[in-house]
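Engineer: sequence below, structure please.
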Amino acid sequence: MRARYPDTEGFIERDGVKVGYEVFGAGEPAILLLTSWAIVHARQWKAQVPYLARHFQVITVEGRGNGRADRPGTPEAYRDREYVDDAIAVLDAIGVDRAVVVGLSVGGRHALQLAAWYPERAAGVVAIGAALPWPMPPGFDETADAYEGWGKANRHYWLADYRGWVEFFMSQVFTEPHSTKPHEDGVAWGLDTTAETLLLTVPAVGEPGAADAEAICRQVSCPVLVVHGDQDGIVPYDTGVALARWTGGQMVTIHGGGHAPTLRDPVQVNLLIRNFAESVGHGLPPSQTQTQTQTRTQTQTRTRTQTRAQTQTRARDRTWTRARDRRKRVLYLSSPIGLGHVRRDLAIAAELRVRHPDLQIDWLAQHPVSLVLAERGERVHPASRWLASESSHIESEAGEHDLNAFQAIRGMDEILVANFMVYHDLVSDEPYDLWIVDEGWDVDYFLHENPELKRAPYAWLTDFVGWLPMPDGGDRERALTADYNAEMIEQIARFPSLRDRSVFVGNAADVVPDTFGDGLPLIRDWVEQNYRFSGYISGLTPVSPADREAIRAELGYRADEKVCVVTVGGSGVGTDLLRQVIAAFPAARRLVPGLRMVVVTGPRIDPACLPSHDGLEVHGYVRDLHRHLAACDLGVAQGGLTTTMELTASQRPFIYLPLRHHFEQNFHVRHRLAQYGAGRFMDYAEAEPEGLAAAIATEIARPVSYRPVETDGAARAAACLAELI
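Structural biologist: Residues are numbered from 1 along each chain as shown. Predicted coordinates:
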């Protein structure tokens, strides 16, 4: 799933060659993003588009030879002039006179060439790791007994082992540690074209020499920003220095950076591009910032009207409040994956207000969390509307009761970048006394990557620590999870004070006894050194036997009937389990005469998509689901922590069936439930209707006596957070 989809898209065609383009957002100056060498395609800009499109009109142009562009069959079709003229044709097609032209690698070369050859169309240039010049290595056409290192830049090797070439090339693009995901993306993009196509680009790629490069740069008359990593493994850093000198542009060095900071350091690149574009835009003549003619296309007219409105909004009167006169404010980010986090966060918020009665809490949240917050009368910050949906992405990654949570989060990288940029803009514009982030992986990761962006005390909450591999993931998943864990450990060690509080929602014994990976510490030992423990936080008052009978009567459950409540939490990853349990209902009712089954789909699953039976009730979102769980005779759930712990706290028998390949449900939650002696685990693969019905009949009659769940977790968490306000 993408973090943002285009508002419009289309193709231009020149000399029989079609090239795709996409347009996002509105605002001037327009930003034109050019694709790099044909070994990648326009998705290379996935970390930039969502952020920039909230401030500007953004146009991506596919490069010939990959992605949504044709693969012409002659070397002449891949000359630099063809790529530049494709970009000009796209600007013409969508009615844009001038744009800030941004390119990476060979795309940076094309950006400079566009500004030199069509000066009236370039308001400015951002050249990142620009490959101008970029000669091909010697011996490209020669055969060899073996091809190692840059010896793989060879015609014969490409034809014999194209994947091997792409994998090597991307290893040189991403020289920074812990770059497994961008490397993986780069390889996938490279394999979207072929060795034969890439070979057709080679003559033009190596064509401009140093003298040509200088001549091109000296023709550029618009402002230029050159960005180059001093550890670039593709284009030497000295090339960037020369380009800045020849163009008279500003040079930004990324110390320790590789060839593609767009993907490895996206926050910094996003801010650099935005600041540059705004500085250029402020200097444009009036004709470039207002609609003045009747010949504009409807799209351009609408875009410029929106731009004027945005400009007026930015320019309106504002108030600055002296620090001592400000009301105390907390910005609270609650994870949108399910509803468990928001329930505990609301409990913590209530306790914080006891300690600071005048406290204002703003929530940065998305559906379904925003639904619960609205019910409680909480203030959801308007910036929340810009957040890309994490829940939708997780749902798109799921199969039949199957979700590799680790890989799903890895695949959510562009969404995490986009959402961090929303957070960044919000806290840059509005002062807060404390940031509280409950499993907001985007905020925690990118703050550690960009610690200078911290503006307030920062508290981090989580109920699990450590990515764990699934057994069938093999050596690769073990290596990947260890790499992610190692990066996190290194971040905390390098910036130990960035988190002013790290709160583990649970007790030390609830932490799994595993290691973070080969050569890495034990997870529990590390957590004990770096976290405070709040105990579990349910936000609920324990239900006594007398209370339970009263709740049953209030909910319409008879004292003499057996009630089974089935729920899959607040995400949309649960339809298959609900269908499986419903399929088992007739057999279960034969074993438990008069059984009443109440199925709760939650806010993201349509109840109408499920079958019905006599004695079966299907409901959507139920606000007070915890009361039904406390009143039931048996619960059936996924392996989510909140639902299973609510059943544990209510001393209810329950069956839980963790999602396959969901490391948190299968390891972290299951370990915690074992500490309380709670619940019966079942493997979904073994939960055919007859077997599931038998388990329901057995468990509904089982007396339970779990270890009591603590009730002061919210107060303990709030006590250590309140010290920061």
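
Engineer: my guess is residue 87 contacts residue 110. True?
Structural biologist: Yes: contact criterion C-beta atoms under 8 Å: residue 87 and residue 110 qualify, at 7.0 Å. In this view, the C-beta of every residue, glycine as well, is placed from N, C-alpha and C.

Engineer: so what sits against both of the two?
Structural biologist: Common contacts of residue 87 and residue 110, defined by C-beta atoms under 8 Å, 6 or more residues apart in numbering, comprise residue 34.

Engineer: what are the ranges of the helices in the stretch 601-725 of the chain?
Structural biologist: 625-631, 641-649, 663, 670-676, 689-699, 713-722 (DSSP state H, counting those that start in this stretch).

Engineer: nearest to residue 331 among the ones you listed would be which one?
Structural biologist: helix 713-722 (12.5 Å; C-beta to C-beta).

Engineer: which stretch among the helices of the stretch 601-725 of the chain comes nearest residue 516?
Structural biologist: helix 663 (12.9 Å).

Engineer: so, low pLDDT: which residues of the stretch 601-725 of the chain?
Structural biologist: Along the stretch 601-725 of the chain, no part satisfies pLDDT under 70.

Engineer: try it again with 90
Structural biologist: 602-604, 612-615, 623-624, 701 (pLDDT under 90).

Engineer: how about the stretch 1-150 of the chain?
Structural biologist: Across the stretch 1-150 of the chain (using pLDDT under 90), the flagged ranges come out as 136-138.

Engineer: could I get the full set of helices for it?
Structural biologist: 49-52, 80-94, 106-117.

Engineer: redo the ones you listed as CSV? Include mean neighbour count.
Structural biologist: Output for the helices of the stretch 1-150 of the chain, formatted as CSV (neighbours: other C-beta atoms under 10 Å):
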stretch, mean neighbour count
helix 49-52, 26
helix 80-94, 20
helix 106-117, 26
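
Engineer: so which of these is nearest residue 719?
Structural biologist: helix 49-52 (36.8 Å).

Engineer: pick the most deeply packed of the helices of the stretch 601-725 of the chain.
Structural biologist: helix 641-649 (a mean of 26; mean count of other C-beta atoms under 10 Å).

Engineer: name the helices or strands packed onto that helix?
Structural biologist: Contacts defined by 3 or more C-beta pairs under 8 Å, 6 or more residues apart in numbering; DSSP states H and E place helix 641-649 against helix 340-355, helix 625-631, strand 634-637, strand 654-656, helix 670-676.

Engineer: now with 6 Å, please.
Structural biologist: Counting contacts by 3 or more C-beta pairs under 6 Å, 6 or more residues apart in numbering; DSSP states H and E, helix 641-649 packs against helix 625-631, strand 634-637.

Engineer: doesn't residue 478 belong to a helix?
Structural biologist: Yes: checked against DSSP: H, G, I helix; E, B strand; the rest coil, residue 478 lies within a helix.

Engineer: got the contact list for it?
Structural biologist: Contacts for residue 478 (C-beta atoms under 6 Å, 6 or more residues apart in numbering) come out as residue 469.

Engineer: hmm, 10 Å instead?
Structural biologist: 468, 469, 470, 471, 517, 518 (C-beta atoms under 10 Å, 6 or more residues apart in numbering).

Engineer: do the same with residue 485
Structural biologist: Per C-beta under 10 Å, 6+ apart, neighbours of residue 485: 465, 466, 467, 468, 515, 516, 517, 520, 521, 523, 526.

Engineer: so it is in which element?
Structural biologist: helix 474-494 (DSSP states H and E).

Engineer: so what secondary structure elements neighbour the next helix or strand after that helix?
Structural biologist: Next helix or strand after helix 474-494 toward the C-terminus (DSSP H and E): strand 501-504. Applying 3 or more C-beta pairs under 10 Å, 6 or more residues apart in numbering; DSSP states H and E, one finds that strand 501-504 contacts strand 434-438, strand 458-462, helix 523-530, strand 532-533, helix 713-722.

Engineer: go through these and name the closest to residue 162.
Structural biologist: With respect to residue 162, and counting by C-beta to C-beta, the nearest of the helices and strands packed on strand 501-504 is helix 523-530 at 40.3 Å.

Engineer: and the closest one, what does it pack against?
Structural biologist: helix 474-494, strand 501-504.

Engineer: one more pass at 8 Å, please.
Structural biologist: Counting by 3+ C-beta pairs under 8 Å, 6+ apart, helix 523-530 packs on no helix or strand.

Engineer: what does it rub up against?
Structural biologist: 465-466, 489, 492, 502, 504, 508, 511-516.

Engineer: output the below-cut-off pLDDT ranges for the stretch 351-500 of the chain.
Structural biologist: Counting by pLDDT under 90, the ranges of the stretch 351-500 of the chain that qualify are 368.

Engineer: mind listing what residue 363 touches?
Structural biologist: 332, 333, 334, 369, 370, 373, 378, 379, 380, 381, 384.

Engineer: can you do 7 Å?
Structural biologist: Applying C-beta atoms under 7 Å, 6 or more residues apart in numbering to residue 363 gives the contacts 332, 334, 373, 378, 379, 380, 381.

Engineer: burial measure for the first one, as a count.
Structural biologist: Okay, so that is residue 332. 28 (other C-beta atoms under 10 Å).

Engineer: end to end, how far does stretch 559-578 reach?
Structural biologist: 26 Å (C-alpha to C-alpha, to the nearest Å).

Engineer: buried residues, that stretch. List them.
Structural biologist: 562-578 (16 or more other C-beta atoms under 10 Å).

Engineer: among these, which lie within strands?
Structural biologist: 563, 564, 565, 566, 567 (DSSP state E).

Engineer: just give me the closest of the residues you listed to residue 461.
Structural biologist: residue 567 (23.5 Å).

Engineer: and the residue nearest to that closest one when sequence neighbours are not counted, what does it touch?
Structural biologist: What sits nearest to residue 567 in space, not counting adjacent residues and going by C-beta to C-beta, 6 or more residues apart in numbering, is residue 600, at 4.3 Å. Shown in contact with residue 600 (C-beta under 7 Å, 6+ apart): 565, 566, 567, 619, 622, 625.

Engineer: make a PyMOL selection of the buried ones in the contacts of residue 363.
Structural biologist: Command for PyMOL that selects the buried part of those, burial taken from 16+ other C-beta under 10 Å:
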select buried, resi 332+334+373+378+380+381
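
Engineer: mind checking which of the contacts of residue 363 are in helices?
Structural biologist: Taking DSSP state H, the ones among those that sit in helices are residue 373.

Engineer: save the contacts of residue 600 as CSV, and put in distance to residue 256 too.
Structural biologist: Output for these, formatted as CSV (distance: C-beta to C-beta, whole Å):
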residue, distance to residue 256
565, 54
566, 52
567, 48
619, 54
622, 51
625, 49
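
Engineer: and those residues, which is closest to residue 201?
Structural biologist: Distances from residue 201 to the contacts of residue 600, taken by C-beta to C-beta, are shortest for residue 567, at 54.9 Å.

Engineer: I figured that closest one was touching residue 640, is that so?
Structural biologist: No: with contacts counted by C-beta atoms under 7 Å, residue 567 stays clear of residue 640, the gap being 9.0 Å.

Engineer: wait, doesn't residue 157 sit right on residue 167?
Structural biologist: No: if you go by C-beta under 7 Å, residue 157 and residue 167 don't touch, sitting 12.0 Å apart.

Engineer: name the SS class of residue 327, please.
Structural biologist: Per three-state DSSP, residue 327 ends up coil.

Engineer: may I have the phi/psi pair for it?
Structural biologist: Residue 327 adopts backbone torsions of phi -70, psi 140, taken as degrees, to the nearest 10.

Engineer: what's around it, how many residues?
Structural biologist: 10.

Engineer: what bridges to the closest residue to it other than its chain neighbours?
Structural biologist: Using C-beta to C-beta, 6+ apart and skipping the chain neighbours, the partner closest in space to residue 327 is residue 360 (5.4 Å). Legend: beta-bridge partners of residue 360 under DSSP bridges are residue 329.

Engineer: residue 360 contacts residue 329, correct?
Structural biologist: Yes: between residue 360 and residue 329 a contact is recorded at 4.7 Å, counting by C-beta under 7 Å.
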